[in-house]
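Asks: all I have is the shape, not the residue letters:
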């Protein structure tokens, strides 16, 4: 189940509690939201369903309908969309053979968003690294023009921290990135970081912290 909560420009809730945006018998998570052509879309993770479904917003925050099935027979995690040059790109974590989901990054590309004709990157998996493979948020371009990809740092454990990777090369045949920043350990009361996003001057973190017993 995915729940949503509308916020104002200062991050204050506009409603008393979160409402259900999407429900399914399978586990749902990583609700990747983005705008395209004046419309709001959501790409949730549902690896147990073995498919990748894109939803369009009918009424925010609680009404969504299926817009396009992007892939079938694909057990993918934390899928993150990016529009770059002439392609749409999908960055996803996956587990194949001896490759584990927290260390394996794969990419796919297509000429348009609403299609099921996604092509696998020629170098898949494009990255194998427990410290920087699994997606951890929206890919952004900073004021210097650098393309920054948040990633989960699963060393020494899942959900331990985050890294920021600069994408240096992104073509259907080649991929290259480098680490710009990485958490080094729990700080200021948090025990783990899982996700980061920034939009319209607001930054949000998905963090874990220990709450003392009263």
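Replies: That came through, no problem. Just so we're clear, the structure is a prediction, and the values are computed from it rather than from any experiment. Numbers count the residues shown, from 1 in each chain.

Asks: contact partners for residue 166?
Replies: The contact partners of residue 166, by CB atoms under 8 Å, 6 or more residues apart in numbering, come to 146-149, 177-180. All C-beta atoms are positioned from the backbone trio N, CA, C, and that covers glycine.

Asks: of those residues, just the buried ones, PyMOL syntax please.
Replies: Those of those that meet the burial criterion (16 or more other CB atoms under 10 Å) are gathered into one PyMOL selection, given here:
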select buried, resi 147+148+149+177
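
Asks: of the contacts of residue 166, which pair is most distant in space?
Replies: For those, with distances taken as CB to CB, the pair at the greatest spread is 147 and 179 (13.7 Å).

Asks: for the contacts of residue 166, give me TSV that also has distance to residue 74 and pLDDT.
Replies: TSV is the format used below for these (distance: CB to CB, whole Å; pLDDT from 0 to 100):
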residue	distance to residue 74	pLDDT
146	30	97
147	24	98
148	26	98
149	20	98
177	23	98
178	28	98
179	27	98
180	30	97
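
Asks: narrow the contacts of residue 166 to those in strands?
Replies: With strands defined by DSSP state E, the entries of the contacts of residue 166 inside them are 147-149, 177-180.

Asks: outline the domain layout of this protein.
Replies: Here the domain assignment for the chain is 1-75, 76-214, based on automatic domain parsing.

Asks: what's the first-to-last distance across stretch 137-149?
Replies: Distance across stretch 137-149, first residue to last, is 7 Å (CA to CA, to the nearest Å).

Asks: and if you look at stretch 128-136?
Replies: Length of stretch 128-136, first residue to last, CA to CA: 15 Å.

Asks: same check, this time on stretch 163-176
Replies: 15 Å.

Asks: circling back to that earlier point, name the nearest of the ones in strands among the contacts of residue 166 relative to residue 72.
Replies: If you rank the ones in strands among the contacts of residue 166 by distance to residue 72 using CB to CB, residue 149 comes first, at 25.8 Å.

Asks: quick one: strands adjacent to the helix or strand hosting residue 205?
Replies: With secondary structure defined by DSSP states H and E, residue 205 is part of strand 202-209. Sheet partners assigned to strand 202-209 using DSSP bridges are listed as strand 190-199 (antiparallel).

Asks: buried ones in the strand it pairs with?
Replies: By neighbour count, with 16+ other CB under 10 Å as the criterion, the buried positions of strand 190-199 are 192-197.

Asks: thought residue 92 was touching residue 71?
Replies: No. Between residue 92 and residue 71 no contact is recorded; they are 9.3 Å apart, counting by CB atoms under 8 Å.

Asks: intersection of neighbour lists for these two?
Replies: Between them, residue 92 and residue 71 share the contacting residues residue 108, judged by CB under 8 Å, 6+ apart.

Asks: more neighbours: those two, which one.
Replies: Here residue 92 and residue 71 are compared on neighbour count by other CB atoms under 10 Å; more neighbours surround residue 92, at 27 against 19.

Asks: now do the contacts for the more buried one.
Replies: For residue 92, the contacting residues are 76-80, 105-108, 135, by CB under 8 Å, 6+ apart.
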